[in-house]
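Novice: Sequence first, predicted coordinates after that:
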Amino acid sequence: MRNNRSTNINFALLTVFAFAMMFWACKDPAKPQPTDSFDRTAMLTFWAEQQIIPALEQYGITLVELETAKNDFIQNKKITDFELLKTAYLNAYLAWQTVAMFNIGEAEAIGYRNYINTYPTDVALIETNIANETYNLELPSNFVAQGFPALDYLLFGLLKENEGYLQKLTQSQYLNYLSDLIDRLDVLNKTVLNDWQTNFKNTFINNNSSSATASTDKLINDYLFYYEKYFRAGKIAIPAGVFSGNTLSHTVEAPYSGIYSKQLCLKAFEAIQQFFDGVSFDGLTTGPSLKQYLQSVAAANNTEDVAQKIINQWQIAEESILELDNNFKQQVETDNPKMLAAYDEIQKAVVIMKVEMMQALNIQIDYVDADGD
Amino acid sequence: MINGLPKYFNKTTNAAPLAVFRICFGLLMLISIVRFWYNGWIEKLYLNPQFHFHYYGFEFITVPGNFTYVLFIICGLSALCFAAGYKYRFAIIVFFLSFTYIELMDKSTYLNHYYFVSVISFILIFLPAHNYFSLDAYLRPKLRFNKIPKWTIDILKLMLCIVYIYAGLAKLNNDWLFKAMPLSLWLPAKFNLPLFGDLMQQKWLHFAFSWAGAAYDLTIPFLLMYAPTRIFAFLLVVIFHLLTALLFPIGMFPYLMIIATLLFFSNSFHQSILKKISQVLHLPKQIFDNAKALNYFNCFFGKMAFVLLCFATIFQLLFPLRFLLYPGNVLWTEQGYRFAWRVMLTEKTGAANFKIVDAITGKRFYVQNDDFLTALQEKQMSTQADFIIEYAHLLGKHFENQGHQNIEVYVESYAALNGRPSQTFVKQNVNLLNIHNNLKHKNYIETLNE
């Protein structure tokens, strides 16, 4: 008797439960609701096809031009070729600013960014390498003796006066080193670009889930890290002495050429914003982006538009960068408060990105157990 | 004193459920230790960081370098031993100590279920879990008892009920019930779930999950206790916990809860499990079925265990309520937040920028957190005030050793809770070196703008 009753109750509850599940399961597919999931696959595809790969390709083209200019200069050793070489250097350095933030795939595996743009460069080490004529540029200890910062030194920092300059640079050891540095940039980029073009694009797009190792989470973590560490700290905060209390004007990007530091910084900022806004590399189309993603989350939860908040803050930050001298070294040495003011505005955006953007997108920073606290 | 206790405490019951629990719990712990090692978390969480966050009162616990591996081996082996019921008492004590030590090494890895494991293994030290179907009892016939005091099983059930009920009560807050937060932030990220990806975007589903989750936590103990609803309740337990395992990176917790709820099942159910195990492994189960009943109150150990566990139970009932002693929203201030079964309750992100100031010259600079902390530690630090204080003192010491003088440490910290816009977390004008972690109200936390 008792047993029978309990079976009945169990059965009744099970039935209710089963109906509840069916109700849940059935309600969905009929009509798509306004808060339908943001298509991460489409976003990853757009990132790869319209932003990352074209940027790497364009950077590759500037490197080929740099190779040509270098070869011409080595052959002719003329001042006109030297001028062309310096222009090619600037173009490649600017193009680098559009790919530096994509530290994923082969770029991450080989430590791409460290070889290409670690600064301040170590002049003593460069001179030692040149004097010894034996060096292994693949060693991490040589991060500080290669890449664009080392080129900046070789092309702009050897001597003050132009006359002796070519005499010094055209010594065979110097030319060999110059040549090796440029060749290495080319090899590094070919490795990364080739991987994107052959395997990694599909891997990247298909890894479309939501976890610490998924493409979206990884790239957004990288993006934020780049903004904080390489853009904010590297280009502005460290030279301005934000982390040391004393200004460190020699730590600006490209201190030997000097006049390009603001241009490089603005180019990097432009790339950061272009990625966020979902503007294709050629500027002709727009696609699914972080901005759209954030706006869809905000619409679904009826919360503040974090994307607009970030964009507005960036506008203020960009204006404060435009106020600065073309030569950041000069700026730091003569009027550092302006540099600090720019840092403040860039930092305000860090807070919005790190706190509100990361919360809205529910990005995982690492794979460990969590129970939500 | 013990003679005057209600009759209930003299009741005995079949020892099988406790034996089954011992075996399952031990094996699960072994798996969990192996998994932790395999995932590289020993290095990532304990060996790689230069600095570790300590629990208040446990500052003396440090990461023992490469000996950490040995610690994990000891922990895993002791789990295996107590599962087999081999040198049970010694093994469970070693397990409790080693597991708890590991958990205390760094506060940034805090998880409710680790605490649950510590609580359960502490209680198991005092329970007669090796008197039936164990290697100890196999080797020493004197230890064999078919029946054990009923309360020694009920106390584990009570702990489970405490977890569920307090977890349920913690969900009865404005964010969870009326904003479906944080599930509204978490579930949409599960867009790639087969079939259900789009469903996860629906606001009504977030509310349904929130309310169902709270109702589940608050009712499941009763549904498990009441025989007629038990099977149904277990079905719910399995569905609920597997769903959370599917949706959230919650680790071993779901499996722990599933095996623990088996305790509610009848003796005959557990007998049949042990019978199956005996058949498969050719074990002489019948030698344990001696119809002898263990009396816990005729020896010193039993009496002591009883008194101790009474205090432990009272502690478990009261400790989660300590948040009531503090003003402010507990989700924001996190005063009395930990060790209180607050699971899946908050999505809190933050950013904390530390400023080191020379009080006399006014010279100042900021700190790059990744010079000191891992990404995970930084994430935990920037939303929890006690982390911020401990880190500020570390920074103070570090820069003093570097020769800086008259140091003051300030923080510009911002946090966002459950979808709210970010706001200042710790007061910016407070020199953190003047503040020390203690149990007093942290009046240096800004009030939450609801």
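Specialist: Received, thanks.
Novice: switch to C-alpha atoms for all contacts and neighbour counts from now on
Specialist: Fine.
Novice: Identify the residue nearest residue A:147 in space, chain neighbours excluded?
Specialist: Residue nearest to residue A:147 in three dimensions, not counting chain neighbours: residue A:116, with 4.1 Å by Cα to Cα, 6 or more residues apart in numbering or on different chains.
Novice: Report the residue spans of the chain with pLDDT below the cut-off.
Specialist: No chain specified, so I'll use chain A. A:1-37, A:161-163, A:366-368, A:370-373 (pLDDT under 70).
Novice: wait, I meant chain B there
Specialist: Scanning chain B for pLDDT under 70 picks out B:1-4.
Novice: got the domain boundaries for it?
Specialist: B:13-323, B:347-434 (automatic domain parsing).
Novice: Output those domains in CSV; the columns should cover mean neighbour count.
Specialist: Below are the domains of chain B laid out as CSV (neighbours: other Cα atoms under 10 Å in any protein chain shown):
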stretch, mean neighbour count
domain B:13-323, 18
domain B:347-434, 19
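Novice: JSON lines for the ones you listed, including distance to residue B:339?
Specialist: Below are the domains of chain B laid out as JSON lines (distance: least, Cα to Cα, whole Å):
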{"stretch": "domain B:13-323", "distance to residue B:339": "6"}
{"stretch": "domain B:347-434", "distance to residue B:339": "15"}
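Novice: Quick check: which of those is nearest to residue A:266?
Specialist: domain B:347-434 (22.9 Å; Cα to Cα).
Novice: which one of the domains of chain B lies closest to residue B:338?
Specialist: domain B:13-323 (7.5 Å).
Novice: Pull the distance from the closest one to the chain's centre.
Specialist: Relative to the centre of its chain, domain B:13-323 is centred 9 Å away, using Cα atoms, centre = their mean, to the nearest Å.
Novice: Repeat that for stretch A:68-79.
Specialist: Distance, centroid of stretch A:68-79 to centroid of chain: 32 Å (Cα atoms, centre = their mean).
Novice: got a list of contacts for that stretch?
Specialist: For stretch A:68-79, contacts defined as Cα atoms under 8 Å, 6 or more residues apart in numbering or on different chains pick out A:81, A:82, A:84, A:85, A:88, A:166, A:170, A:175, A:179, A:182.
Novice: Kindly recompute the last result at 10 Å.
Specialist: A:62-67, A:80-89, A:162-163, A:165-167, A:169-172, A:175-176, A:178-179, A:182-183 (Cα atoms under 10 Å, 6 or more residues apart in numbering or on different chains).
Novice: circling back to that earlier point, mind checking which of the domains of chain B is nearest residue A:249?
Specialist: When the domains of chain B are ranked by proximity to residue A:249 (Cα to Cα), domain B:347-434 comes first, at 15.5 Å.
Novice: The residue nearest to residue A:147 touches residue A:188, doesn't it?
Specialist: Yes. Under the criterion of Cα atoms under 10 Å, residue A:116 makes contact with residue A:188 at 8.5 Å.
Novice: between the two, who's got more neighbours?
Specialist: Per other Cα atoms under 10 Å in any protein chain shown, whichever of residue A:116 and residue A:188 has more neighbours is residue A:116, with 24 against 20.
Novice: who's in contact with that one?
Specialist: Per Cα under 10 Å, 6+ apart, neighbours of residue A:116: A:93, A:96, A:100, A:143-150, A:181, A:184-185, A:188-189.
Novice: Is it possible to mark the buried ones in the residues you listed?
Specialist: A:93, A:96, A:100, A:143-150, A:181, A:184-185, A:188-189 (16 or more other Cα atoms under 10 Å in any protein chain shown).
Novice: any idea which helix or strand carries residue B:349?
Specialist: Remark: residue B:349 resides in strand B:348-358, with elements defined by DSSP states H and E.
Novice: right, and the helix or strand after that strand?
Specialist: strand B:364-366.
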